[in-house]
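Participant: Quick check, what structure comes out for this input:
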Amino acid sequence: MTKTIKKIGVLTSGGDSPGMNAAIRAVVRTCAYHNVDCVGIYRGYQGMIEGDFKEMGPRSVNNIVNKGGTILKSARSLEFKTKEGREKAYNNLVKAGIDSLVIIGGDGSFTGAEIFNTEYGFPVMGIPGTIDNDIFGTSHTLGYDTALNTVVEVIDKIRDTASSHNRLFLVEVMGRDAGHIALNAGIGAGAEEILIPEEDLGLERLLDSLKKSKASGKSSSIVVIAEGDKIGKSVFELKDYIEENLPEYDVRVSVLGHMQRGGSPSCYDRVLASRLGVKAVESILEGKTNYMVGMLNDKVALTPLELAIKGKSEIDRELLRVSEIMST
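Facilitator: I've put the predicted structure just below:
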């Protein structure tokens, strides 16, 4: 017999991403729609351990759909990785009458949720929130679309300077383990080369490409580099290598950093967050647990948390080919 759910807790964990607030809003209001209580858990799993809870109703999430970051805050919790820490968290949830959880975060957050579910049989549902778009089981994670738009806008501005001074700009974007941001933003911004962890371009091939660009009449170039790219130890070492081998290039580096994680979420991310938030709550109420809600073929779908954690998000090979053609 399916357990009756009376009170759902919602938390954000790991890195923040635009769209998290819209997802919190969706969870809270879907709970209200189905006459289920909702509790906000502050500072992720650490807040669970410390009992940092607050009852949330429809009006408590007014005017947050357009805000970046997360009103529930986020924190990494080493204590939750211990059995003792998870036991404290469980006892606090039971004491507060919380009988299920919606976790908005990335694979680290989902790993914690899966372990918690295994140990205590506690119903959990994940919503993918990370700008890197590196989670299996969804075409888009919360914040990815916003990050892409931010990166393209910044590269457009950098190109103005590059063109004015006949410079080569190396633009580093986020993506420690995945090149989705670099590949898509690079194509969208018209980059001459795109370096991603999934493809080892090689230093010599990069130099050949830059030589051809110069010979074809290009007076300035933009190279977009994912931070996890394996071509050099750092973007600054790559700059030195290019200048040593191609002295005709005046090379500049721009590391976009955390600006990619901030800002008001795009319309796409707001709608995505709303769809995933509704599905997360309604799936819990249907008795489902240990899943992640995501987008597959533009439909909201459930993927077992274990698959979401262990599966690999693949780079789009067709986009790689498009980028090669566009750099001609």
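Participant: Please make it C-alpha for all contacts and neighbour counts, starting now.
Facilitator: OK.
Participant: Now do the helix or strand that contains residue 152: everything it contacts.
Facilitator: In the assignment (DSSP states H and E), residue 152 maps to helix 144-165. With CA atoms under 8 Å, 6 or more residues apart in numbering as the contact definition, helix 144-165 has outside contacts at 17-18, 130-133, 167-169, 171, 173, 181, 184-186, 188-189, 219-222, 256, 259-266, 268-269.
Participant: For residue 297, list the residues it contacts.
Facilitator: Here residue 297 is in contact with residue 139 (CA under 8 Å, 6+ apart).
Participant: next one: residue 88
Facilitator: When contacts are counted by CA under 8 Å, 6+ apart, residue 88 touches 49, 50.
Participant: gap between it and residue 317?
Facilitator: As judged by CA to CA, to the nearest Å, residue 88 and residue 317 stand 46 Å apart.
Participant: again, but for residue 183
Facilitator: For residue 183, the distance to residue 317 - CA to CA - is 10 Å.
Participant: Have a look at these two and say which one is more surrounded.
Facilitator: Set residue 183 next to residue 317 and count neighbours by other CA atoms under 10 Å: residue 183 wins out with 26 against 9.
Participant: Is the more buried one in contact with residue 320, as I believe?
Facilitator: Yes. If you go by CA atoms under 8 Å, residue 183 and residue 320 touch, sitting 7.4 Å apart.
Participant: okay but residue 187 is in contact with residue 323, surely?
Facilitator: Yes. Counting by CA under 8 Å, residue 187 touches residue 323, with 5.9 Å between them.
Participant: Need the phi and psi values for residue 39.
Facilitator: phi -130, psi 130 (degrees, to the nearest 10).
Participant: Residue 74: what's its closest spatial neighbour, skipping adjacent residues?
Facilitator: Of all residues not flanking residue 74 in the chain, residue 43 sits nearest, at 4.3 Å (CA to CA, 6 or more residues apart in numbering).
Participant: any idea of the pLDDT on that neighbour?
Facilitator: Looking at residue 43, its pLDDT is 96.
Participant: Next one: it relative to residue 51, how far apart?
Facilitator: Separation of residue 43 from residue 51 (CA to CA): 10 Å.
Participant: Those two - which one has more neighbours?
Facilitator: The residue with more neighbours, out of residue 43 and residue 51, is residue 43; 24 against 19, by other CA under 10 Å.
Participant: contacting residues around the more buried one?
Facilitator: Residue 43 touches 11, 12, 13, 52, 72, 73, 74, 75, counting by CA under 8 Å, 6+ apart.
Participant: hmm, 6 Å instead?
Facilitator: Residue 43 sits next to 73, 74, 75 when contact means CA atoms under 6 Å, 6 or more residues apart in numbering.
Participant: Now distance to residue 145, pLDDT and secondary structure too, for the residues you listed, in a markdown table please.
Facilitator: Output for these, formatted as a markdown table (distance: CA to CA, whole Å; pLDDT from 0 to 100; DSSP: H, G, I helix; E, B strand; the rest coil):
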| residue | distance to residue 145 | pLDDT | secondary structure |
| --- | --- | --- | --- |
| 73 | 21 | 95 | coil |
| 74 | 21 | 91 | coil |
| 75 | 23 | 86 | coil |
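Participant: want to throw these into JSON lines with neighbour count?
Facilitator: Listed next are the contacts of residue 43 as JSON lines, based on neighbours: other CA atoms under 10 Å:
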{"residue": "73", "neighbour count": "17"}
{"residue": "74", "neighbour count": "22"}
{"residue": "75", "neighbour count": "17"}
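Participant: tell me, how many neighbours does residue 33 end up with?
Facilitator: By other CA under 10 Å, 11 other residues sit near residue 33.
Participant: no, scratch that, I was asking about residue 71
Facilitator: When counting by other CA under 10 Å, one arrives at 17 neighbours for residue 71.
Participant: In which helix or strand does it reside?
Facilitator: Using DSSP H and E, residue 71 falls outside every helix and strand.
Participant: start the count at 33, not 1, going forward
Facilitator: Sure thing, new numbering starts at 33, so read that last one as residue 103.
Participant: Identify the spatial nearest neighbour of it, chain neighbours not counted.
Facilitator: Counting by CA to CA, 6+ apart, residue 103 lies nearest to residue 53, which is 6.5 Å off, once chain neighbours are set aside.
Participant: from the middle of its chain, how far away would the helix or strand hosting the one you found be?
Facilitator: If you go by DSSP H and E, residue 53 is part of helix 52-65. Relative to the centre of its chain, helix 52-65 is centred 19 Å away, using CA atoms, centre = their mean, to the nearest Å.
Participant: coming back round to it: what separation do you get for the residue nearest to residue 106 and residue 214?
Facilitator: Distance of residue 75 to residue 214, given as CA to CA: 30 Å.
Participant: which stretches of the stretch 33-182 of the chain aren't confidently modelled?
Facilitator: Scanning the stretch 33-182 of the chain for pLDDT under 70 picks out the ranges 33-34.
Participant: Distance check, the closest residue to residue 313 other than its chain neighbours against residue 315.
Facilitator: Spatial nearest neighbour of residue 313, chain neighbours left out: residue 59 (6.3 Å); criterion: CA to CA, 6+ apart. According to CA to CA, residue 59 stands 11 Å off from residue 315.
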